[in-house]
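In: fold the following, please.
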Amino acid sequence: MSTELTIGTYRYEHTEALFDGRVKIDGVDAALATEPLVSDLFRNMLQGRYDIAELGLTYFLRTFDLQDPPFMALPIFPNRNFRHSAIFVNTEAGIEKPQDLAGKTLGEFALFGHDAGIWPKGILSDEYGVSADQCRWVIGGTNHPVPAFDWLPQPVPDGVHVRHAGDGRTLGAMLASGEIDALISVDVPQAMMQGSTKIARLFPDYENVERDYYRRTGIFPPMHIIAVRKDLVHHGEELRSVYRAFVQAKELAQRTYLEDALKQHMSLVTPWFSSLFERNRSLLGEDWWPYGLHANRTAVDTFLRYHHEQGLSKNLLTNRDIFVPEFLHT
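Out: Residues are numbered from 1 along each chain as shown. Alright, predicted model coming up:
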């Protein structure tokens, strides 16, 4: 008899095969769901509406400071991105290099320490000597007002000044007007997309900067994991099936790109994509979006360290603390 599980994940190209039935989860009667916003998945998982679901890494890790942490993780990383490109500056704020951020007022999307903010803040500290306590912080939505999330712990470390943007305010508009000097955001400011000269990226040549970062560190930064209710941790066979299914769905998406390369990706509307694809394969390898802990250990260890250093985890967590034990050797 199949085990019934409610599973939530965003509908990415590398999870699409789970939704359209090309990949089945053996031994599981899966009620698969997605949400209009990926943050809706986070909120609903934290509120107990899923058995297994995609969670932003910081949303997941903050639960380990609760009296009874409710989740463990599978080493599935459905969302990842390089994040030097997530730092935007007002072009009149006198910010020419990363060190110029010290003493400035920075916006941050959604909360102090969102997933796409922890990575660049950690990199700024490690590589440029700029730490969060050297800046002032304003939290809010980039292109649309976002209220303070009230469904997860939001610690702010001592010595760091954080306030929420006022009602109806957006960080993108505040950046364009000079009310804040810089912004760390998963979303690109709309004004920049519309050609505003008031906003630029801190790293204009971000692609080459991010490629160099990967060459030096081997880190392709993960943003999200797949969380499991702790009472399901001992359902080994079912969790192995879930893991295998996510791997298979991801591999199907990768295979499509490999097969399309024979036809120079003429099914896509992006010109010169084949050139980009070959450069990425040369740098990232044949499995450019790896699951499993072995291929992601350095990245996960780095994120855990950043999360603790930025005052978001009381304790420095390890892989053994957060992953279902059976998957530590994947």
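In: Glu108 - that's part of a strand, no?
Out: Yes: with the criterion set as DSSP: H, G, I helix; E, B strand; the rest coil, the secondary structure at Glu108 is a strand.
In: hang on, it packs against Trp137?
Out: Yes: with contact defined as CB atoms under 8 Å, Glu108 counts as touching Trp137 (5.8 Å). Where you see a C-beta, it was placed from the backbone N, CA and C, and this is true even at glycine.
In: who's more crowded, those two?
Out: Glu108 (29 against 22; other CB atoms under 10 Å).
In: so what's the more buried one up against?
Out: Neighbour list for Glu108: 114, 117, 137-139, 171, 183-185 [criterion: CB atoms under 8 Å, 6 or more residues apart in numbering].
In: also Thr9?
Out: 15, 18, 32, 34, 41, 53-54, 78, 226.
In: same thing with Phe203?
Out: By CB under 8 Å, 6+ apart, the contact list for Phe203 reads 84-85, 87, 209.
In: rerun at 10 Å
Out: Counting by CB atoms under 10 Å, 6 or more residues apart in numbering, Phe203 touches 84-87, 89, 97-98, 120, 209-210.
In: picking up where we left off before, need the contacts of Glu108 in JSON lines (columns: secondary structure, pLDDT and distance to Leu316).
Out: Output for these, formatted as JSON lines (DSSP: H, G, I helix; E, B strand; the rest coil; pLDDT from 0 to 100; distance: CB to CB, whole Å):
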{"residue": "His114", "secondary structure": "coil", "pLDDT": "95", "distance to Leu316": "20"}
{"residue": "Gly117", "secondary structure": "helix", "pLDDT": "97", "distance to Leu316": "19"}
{"residue": "Trp137", "secondary structure": "strand", "pLDDT": "98", "distance to Leu316": "23"}
{"residue": "Val138", "secondary structure": "strand", "pLDDT": "98", "distance to Leu316": "28"}
{"residue": "Ile139", "secondary structure": "strand", "pLDDT": "96", "distance to Leu316": "25"}
{"residue": "Leu171", "secondary structure": "helix", "pLDDT": "98", "distance to Leu316": "30"}
{"residue": "Leu183", "secondary structure": "strand", "pLDDT": "98", "distance to Leu316": "28"}
{"residue": "Ile184", "secondary structure": "strand", "pLDDT": "98", "distance to Leu316": "23"}
{"residue": "Ser185", "secondary structure": "coil", "pLDDT": "97", "distance to Leu316": "27"}
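In: most widely separated two among those?
Out: His114 and Val138 (13.2 Å; CB to CB).
In: and the contacts of the one helix or strand Phe277 maps to?
Out: Assigned by DSSP states H and E, Phe277 belongs to helix 273-284. Contacting residues not belonging to helix 273-284 are listed as 207, 211, 214-215, 218, 220, 257-258, 260-268, 270, 287-288, 290 [CB under 10 Å, 6+ apart].
In: rerun that using 7 Å as the cut-off
Out: 211, 214, 220, 257, 261, 264-265, 288 (CB atoms under 7 Å, 6 or more residues apart in numbering).
In: same question for stretch 252-260.
Out: Outside stretch 252-260, the residues touching it (CB under 7 Å, 6+ apart) are 13-14, 17, 22-23, 267, 277, 289.
In: how many neighbouring residues does the residue lying closest to Gln248 once chain neighbours are set aside have?
Out: Among residues not flanking Gln248 along the chain, Val23 sits closest, at 4.8 Å (CB to CB, 6 or more residues apart in numbering). Val23 is flanked by 20 other residues according to other CB under 10 Å.
In: again with Glu4
Out: Neighbours around Glu4, by other CB under 10 Å: 10.
In: so it sits in a helix?
Out: No: residue state for Glu4 (three-state DSSP) corresponds to strand; a helix is not indicated.
In: could you measure from it over to Leu32?
Out: Counting by CB to CB, to the nearest Å, the separation of Glu4 from Leu32 is 12 Å.
In: cool, Asp68 as well?
Out: Taken as CB to CB, the span from Asp68 to Leu32 is 27 Å.
In: please save the CA atoms from stretch 115-135 in CSV.
Out: What follows is stretch 115-135, C-alpha atoms only, in CSV (Å, rounded to 0.1, in the frame of the first residue of the first chain):
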residue,chain,number,x,y,z
ASP,A,115,18.6,33.5,0.9
ALA,A,116,19.8,35.7,-1.9
GLY,A,117,21.1,38.2,0.7
ILE,A,118,23.1,35.8,2.9
TRP,A,119,25.4,34.7,0.1
PRO,A,120,26.4,38.2,-1.1
LYS,A,121,26.8,39.5,2.5
GLY,A,122,29.0,36.5,3.3
ILE,A,123,31.1,37.1,0.2
LEU,A,124,31.4,40.8,1.0
SER,A,125,32.7,39.9,4.4
ASP,A,126,35.0,37.1,3.3
GLU,A,127,36.5,38.7,0.3
TYR,A,128,36.2,42.5,0.8
GLY,A,129,36.1,43.0,4.6
VAL,A,130,32.6,44.6,4.6
SER,A,131,30.3,43.1,7.4
ALA,A,132,26.6,43.7,8.0
ASP,A,133,27.2,45.7,11.2
GLN,A,134,29.1,48.3,9.1
CYS,A,135,25.9,49.2,7.3
